[in-house]
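> model this:
(chains A and B)
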Amino acid sequence: MTLETGAGATPAAPKAAAAAGAATAAVPLVEIEGLVKYYPIVGGFLRRHIGDVKAVDGVSFEVRRGEVFGLVGESGCGKSTLGKTLIQLQPPTAGQASLDGVPIFGKRGKELKKLRRRMQIIFQDPVGSLNPRMPISDIIGEGLLAQADAENHWGDRKIRDKRVADYLQAVGLRREYSRRYPHEFSGGQRQRIGIARALALDPDFVVCDEPVSALDVSIQSQILNLLLDLRREFNLTYLFIAHNLSVVQYISDRVGVMYLGKLVELSEVEELYLHPRHPYSVALLSAVPDADPRIRKKRLVLKGDVPSPAAPPSGCRFHTRCWLREQLGNPENCSTIDPDFRDIGGGHLVACHWAEKVPTSVVASAVPTAEETPVAAPPAAGPPTAPQDAAGRPTEGSTTSGA
Amino acid sequence: MTLTPDPAHPAGSVARGRPLLEVRDLRTYFHVMDGVVRAVDGISFSIRAGETLGLVGESGCGKSVTSLSIMRLHDMPPAEIPTGEILFEGRDLLALSEDEMRQVRGNDIAMIFQEPMTSLNPVFTVGDQIAEAVMLHQGLSKKAAWEKAVESLKAVGINNPERRVKQYPHEMSGGMRQRVMIAMALSCDPKLLIADEPTTALDVTIQAQILELIREVQDRTGAALLLITHDLGVVAETVHDIVVMYAGRIVEQGGVNEVLLAPKHPYTEGLLASIPSKGKRGERLNVIRGTVPNPFNMPPGCNFAPRCPYAFEPCTEHDPRIEEADPPDVACWLYTAAPGISTPPRVRPRLDLIEAVR
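Sure thing, here's the model as predicted:
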């Protein structure tokens, strides 16, 4: 599927062709090794360094080429910090990361700029992330201008504007919208602009930082469909950061669960959602309310709040709220030894000393497998699909305020 | 909840006396520079004592405006309530004087707001804020009110309430602040609790705690609950009856199982189908095309017609009203004979079918 602009614009065609079929292989695109990000806490009259907020505290995983890697966790667990550090919006405290074998950290100047083009981010807040004083053409074009060189001719206004229009069309907006300002768009449309901005540079790797959490559910589904279409079209790899477990389950191939700056579980999506092995993941999944009233989950309500990342608990960070530890009679190693992030078979990684002791009965009642057969709402099983444009993408309504 | 006095209504629980709260043809308009926004445009529903009703819809559908209208918390002008009655135990709240209303607010009807951050006063301790309401409504002394504050913090599961009561909101986490809000709402033993998106700002494990707490206090105190939310999952497990709003109108209502398992209105159907879930992996999600209509320029006929995949002739001309449907469970010409069309295209799903699946 290419952009059918009628003007022969196929911004991603060469790359898509080159990488076609490569998406299935488990080749790591991004490798992260022991990533640490601390924010210093300063205090006192002399603004001395008195501690650290350990936002990300030693995280290692890889994102495979062509996959959607979902990263879930509650607020303050460090998932957004990880995303922002990874694409060098802020320097890491320690650790290594590479994109396609090229080290990401420690680069400056031209080298860094070259790398930036290959990794982009889509932000959560579609209002705050677009400059209200810039027309859309400048918002999307700014990155192009910064990355302009003799090869791509993005310095040329005409070429740049055409590319902006191409990408507006690619995200389901009208080409003419490039003259408008952010306030003229709805939340869903703004998020589309944010996506166009990220993709216009033709990146390989896109960090999606809570891209749908500010949107209503009917708009959310439009954006999720769009992200999946674009992944196929432009051969993208996503790191999809979200707190909504259902969204992550829908979109991801593999999922990592974070708690207080660390990964506690990582696995293929089906495996993780059906057979969670970390007591935190089990509790998290059991807490998700389901719109199907037939599903009755046995909820594992966690006590208290997440401890402060400035002073995380000793040993396993989850031990202060762990229901499994309680069931096992408070074994000592939970509070003294930080568990390894170990493989319990088939690439399912868990950071828990007692992962094998998680009772299957508890998992089964906390994460019941819903019947797959939806109730047919007579007479139709579901609404007919929305009308689609030539590219097979649903057209978005053109009701724009202030149009 | 019953809709209108209609014994045949499938969702209607057996009549148990007069409803506690009855909203009749409520309209709330806002007069702004560009014209009039009909945020709530003629809705009716009722709650009996001890019952739970969920009011759901997407942003801008008028669900929060409805709750603020019940509490009479809109500034008038710009707001205006041109018609409608809000009967609480038979008294019309809209006809009360401000002084009388103040006796109802917080005392008979209490509200839990969405933002635990902004709904608490940052310069007073939480104890002061809870005690204020108790002193005002129950005429307790300062000391007794303070004790009541400690007691109500304990009742919502806050550890060490004697210490917490002296703390300021900023010293507490989001979940804790929401507990304080609930404690405050419950301090005067209200008969009706209105919870406006009580868990939207919270993480899912904290949300589970708060929903559990709301259920528990509702069981314990027997207060009726009006839960306002956009999250169909939260509704599914918290309430018995549900009202779905779209663009200021009620489009569908009924028991929570019926509405969520066998939605009738195309909007409800589309909304449910667009929720991502496990079963939908690898498929495209359903999309409700277009966006909510511009409030200054509502479409003629059915508000949902421009986005509706089933829209046919009467939809763009005639406005379906839920009160005119029989039974009044859905406002849609697919189920009700439209002017000029004697047989509606669809029949209502059979209840025994839903029972069988359950």
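> Now the phi/psi pair for residue A:98, please.
The phi/psi pair for residue A:98 (degrees, to the nearest 10) reads phi -140, psi 150.
> now do the one 3 residues further on
Geometry field for residue A:101 lists phi and psi as phi 90, psi -10, criterion degrees, to the nearest 10.
> residue ranges with poor pLDDT in the stretch 251-400 of chain A?
Residues of the stretch 251-400 of chain A meeting the criterion pLDDT under 70: A:369-400.
> where does the residue of the stretch 251-358 of chain B found nearest chain A land on pLDDT?
Going by CB to the nearest CB, chain A is nearest to residue B:290 of the stretch 251-358 of chain B, at 2.7 Å. (Each C-beta comes from the backbone N, C-alpha and C, glycine too.) Note for residue B:290: predicted pLDDT of 78.
> Please apply the same query to residue A:24.
47.
> so which helix or strand takes in the residue of the stretch 251-358 of chain B closest to chain A?
Using DSSP states H and E, residue B:290 maps to neither a helix nor a strand.
> what's residue B:113 in contact with, if anything?
B:119, B:181, B:196, B:198 (CB atoms under 8 Å, 6 or more residues apart in numbering or on different chains).
> Quick check on those residues: which are buried?
Neighbour counting with 16 or more other CB atoms under 10 Å in any protein chain shown marks B:119, B:181, B:196, B:198 as buried within the contacts of residue B:113.
> and the residue in the stretch 101-250 of chain B positioned nearest to chain A, helix, strand or coil?
Going by CB to the nearest CB, chain A is nearest to residue B:233 of the stretch 101-250 of chain B, at 3.3 Å. Using DSSP: H, G, I helix; E, B strand; the rest coil, the structure places residue B:233 in helix.
> number of nearby residues for residue B:297?
8 (other CB atoms under 10 Å in any protein chain shown).
> Equivalent analysis for residue B:246, please.
25.
> For residue A:195, see how far away it is.
Separation of residue B:246 from residue A:195 (CB to CB, to the nearest Å) stands at 27 Å.
> and the stretch 1-150 of chain B, which residues reach chain A?
B:58, B:59 (CB under 8 Å from any CB of the partner chain).
> in the stretch 1-150 of chain B, which spans are helices?
B:63-70, B:98-104, B:126-138, B:142-155 (DSSP state H, counting those that start in this stretch).
> same thing with the stretch 151-300 of chain A?
Going by DSSP H, counting those that start in this stretch, the stretch 151-300 of chain A shows helices at A:157-170, A:187-199, A:217-234, A:245-251, A:269-274, A:279-287.
> could those helices go into JSON lines alongside mean neighbour count and distance to chain B?
JSON lines is the format used below for the helices of the stretch 151-300 of chain A (neighbours: other CB atoms under 10 Å in any protein chain shown; distance: least, CB to the nearest CB, whole Å):
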{"stretch": "helix A:157-170", "mean neighbour count": "20", "distance to chain B": "17"}
{"stretch": "helix A:187-199", "mean neighbour count": "24", "distance to chain B": "7"}
{"stretch": "helix A:217-234", "mean neighbour count": "22", "distance to chain B": "4"}
{"stretch": "helix A:245-251", "mean neighbour count": "23", "distance to chain B": "3"}
{"stretch": "helix A:269-274", "mean neighbour count": "19", "distance to chain B": "6"}
{"stretch": "helix A:279-287", "mean neighbour count": "25", "distance to chain B": "4"}
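> looking at those helices, which is closest to residue A:298?
helix A:279-287 (6.9 Å; CB to CB).
> Give me the phi and psi angles of residue 181.
Since no chain was named, I'll use chain A. According to degrees, to the nearest 10, residue A:181 has phi -110, psi 160.
> That was the other one, I meant chain B.
Dihedral angles (degrees, to the nearest 10) for residue B:181: phi -60, psi -40.
> Strands of chain A, residue ranges please.
A:28-43, A:48-64, A:68-72, A:94-99, A:102-103, A:119-122, A:205-209, A:237-242, A:254-259, A:262-268, A:342-343, A:349-350 (DSSP state E).
> how about those, which one is nearest residue A:303?
Of all the strands of chain A, strand A:254-259 comes closest under CB to CB, at 14.7 Å.
> The closest one to strand A:48-64, inter-axis angle?
With axes from the mean of the first three to the mean of the last three CA atoms, to 10 degrees as the basis, strand A:254-259 and strand A:48-64 are set at 160 degrees to each other.
> Which strands or helices does strand A:254-259 pack on?
Applying 3 or more CB pairs under 8 Å, 6 or more residues apart in numbering or on different chains; DSSP states H and E, we find strand A:254-259 packed against strand A:48-64, strand A:68-72, strand A:262-268, helix A:269-274, helix A:279-287.
> Please name the strands paired to the third one in the sheet, noting orientation.
Okay, so that is strand A:262-268. Partners of strand A:262-268 in the sheet, by DSSP bridges, are strand A:254-259 (antiparallel), strand A:349-350 (antiparallel).
> who's in contact with the spatially most central residue of chain A?
Nearest to the mean C-alpha position of chain A, by CA atoms, centre = their mean, lies residue A:240 at 1.6 Å. Taking CB under 8 Å, 6+ apart, we find residue A:240 in contact with A:68, A:69, A:70, A:71, A:208, A:211, A:248, A:251, A:252.
> for it, which residues make a bridge with it?
residue A:70, residue A:208.
> Give the residue farthest from the middle of chain A.
Largest centre distance within chain A, by CA atoms, centre = their mean: residue A:45, 39.8 Å.
> Distance check, the residue nearest to the centre of chain A against chain B.
12 Å (CB to the nearest CB, to the nearest Å).
> So that residue versus residue B:91, what's the distance?
Taking CB to CB, one finds residue A:240 at 52 Å from residue B:91.
> Please apply the same query to residue B:209.
Taking CB to CB, one finds residue B:209 at 35 Å from residue B:91.
> more neighbours, these two?
Taking neighbours as other CB under 10 Å, residue B:209 and residue B:91 compare with residue B:209 leading, 23 against 14.
> for that one, phi and psi?
phi -60, psi -50.
> Would you check that it makes contact with residue B:174?
No. Using CB atoms under 8 Å, residue B:209 is not in contact with residue B:174; the gap is 11.2 Å.
> By mean pLDDT, flag the weakest helix or strand of chain B.
helix B:351-357 (a mean of 52; mean pLDDT, DSSP states H and E).
> residue ranges for the helices of the stretch 151-300 of chain B, please.
Using DSSP H, counting those that start in this stretch, helices in the stretch 151-300 of chain B cover B:161-164, B:174-186, B:204-221, B:232-238, B:256-261, B:266-273.
> Count the residues that sit near residue 72.
If you meant another chain, say so; for now it's chain A. By the criterion of other CB under 10 Å, residue A:72 has 27 neighbours.
> oops, chain B please
Residue B:72: 19 neighbours (other CB under 10 Å).
> Can you name the residues that contact it?
B:93, B:94, B:96, B:101, B:105.
> need those in JSON lines with neighbour count, can you?
Formatted as JSON lines, the contacts of residue B:72 follow (neighbours: other CB atoms under 10 Å in any protein chain shown):
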{"residue": "B:93", "neighbour count": "22"}
{"residue": "B:94", "neighbour count": "16"}
{"residue": "B:96", "neighbour count": "17"}
{"residue": "B:101", "neighbour count": "16"}
{"residue": "B:105", "neighbour count": "22"}
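> Can you add pLDDT and give these back as CSV?
Output for those, formatted as CSV (pLDDT from 0 to 100):
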residue, pLDDT
B:93, 89
B:94, 88
B:96, 86
B:101, 89
B:105, 86
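> hang on, residue B:175 packs against residue B:206?
Yes. In this structure, residue B:175 is within contact of residue B:206 by CB under 8 Å, at 3.8 Å.
> Kind regards, and thank you for your time.
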